[in-house]
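Chemist: What follows is a protein structure lacking sequence information:
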């Protein structure tokens, strides 16, 4: 009988804790700015796993794909657990579902990372792009797209 009561109380606590987390889940509003070209799709992913940043496969609830319709767009994530996260975004101009690159792997399509993180060569590390989500609150982040345009040659 004691075991039966202990199991009921344990399951009740687990269910109650789950309900509290669902009610107090963190939300994240992401504003994407500097969308010059109104074409293609925006691919946004957020991860709390440093091995999946940037560009690793993330769960569906941690990614958004939206058609570009304006020069600024807002996306929202709900019920995120507390933790450290990093984001990456690309504007897929030709709808091939990947970031196209030029010589030496330089992005040919617009991109951005949380914290405006960049490195001279290659994508930023998770620790450069990370931000904290906690406390069951509304959080906001802003990503400004970067365009790597070819340099114009001087006419002589």
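Modeler: Cool, got the structure. Values in this document were obtained by computation on a predicted structure and should not be read as measured data. Residues are numbered from 1 along each chain as shown.

Chemist: where's the closest residue in space to residue 83 that isn't next to it in sequence relative to residue 135, distance?
Modeler: Once flanking residues are discounted, residue 83 sits nearest to residue 48: 4.4 Å by C-beta to C-beta, 6 or more residues apart in numbering. Just so you know, the C-beta spots here come from the backbone N, C-alpha and C atoms, and that holds for glycine as well. The gap separating residue 48 from residue 135 is 15 Å, by C-beta to C-beta, to the nearest Å.

Chemist: So for these two, which residue has more residues nearby?
Modeler: Neighbour count, other C-beta atoms under 10 Å: between residue 48 and residue 135, residue 48 has more, with 18 against 10.

Chemist: quick one on the thing from earlier: what residues are up against the residue nearest to residue 83?
Modeler: By C-beta atoms under 8 Å, 6 or more residues apart in numbering, the residues touching residue 48 are 81, 83-85.

Chemist: how far away is it from residue 111?
Modeler: Residue 48 is 20 Å from residue 111, by C-beta to C-beta.

Chemist: what's the burial count for the residue nearest to residue 147 when sequence neighbours are not counted?
Modeler: On the basis of C-beta to C-beta, 6+ apart, the spatially nearest residue to residue 147 that is not a chain neighbour turns out to be residue 110, at 5.2 Å. As a burial measure, residue 110 scores 24 neighbours (other C-beta under 10 Å).

Chemist: My guess is residue 110 contacts residue 146. True?
Modeler: Yes: Residue 110 lies in contact with residue 146 (C-beta atoms under 8 Å); the separation is 6.4 Å.

Chemist: overlap in contacts of these two?
Modeler: Common neighbours of residue 110 and residue 146 (C-beta under 8 Å, 6+ apart) are residue 34.

Chemist: And the pLDDT at residue 153?
Modeler: Turning to residue 153, the model gives it a pLDDT of 49.

Chemist: what does residue 32 give?
Modeler: 93.

Chemist: what's residue 60 sitting at in phi/psi?
Modeler: phi -60, psi -40 (degrees, to the nearest 10).

Chemist: Residue numbering should commence at 42 henceforth.
Modeler: Sounds good: first residue 42 from here, last item residue 101.

Chemist: Quick one: classify residue 135 as helix, strand or coil.
Modeler: Assigned state for residue 135: coil (three-state reduction, DSSP: H, G, I helix; E, B strand; the rest coil).
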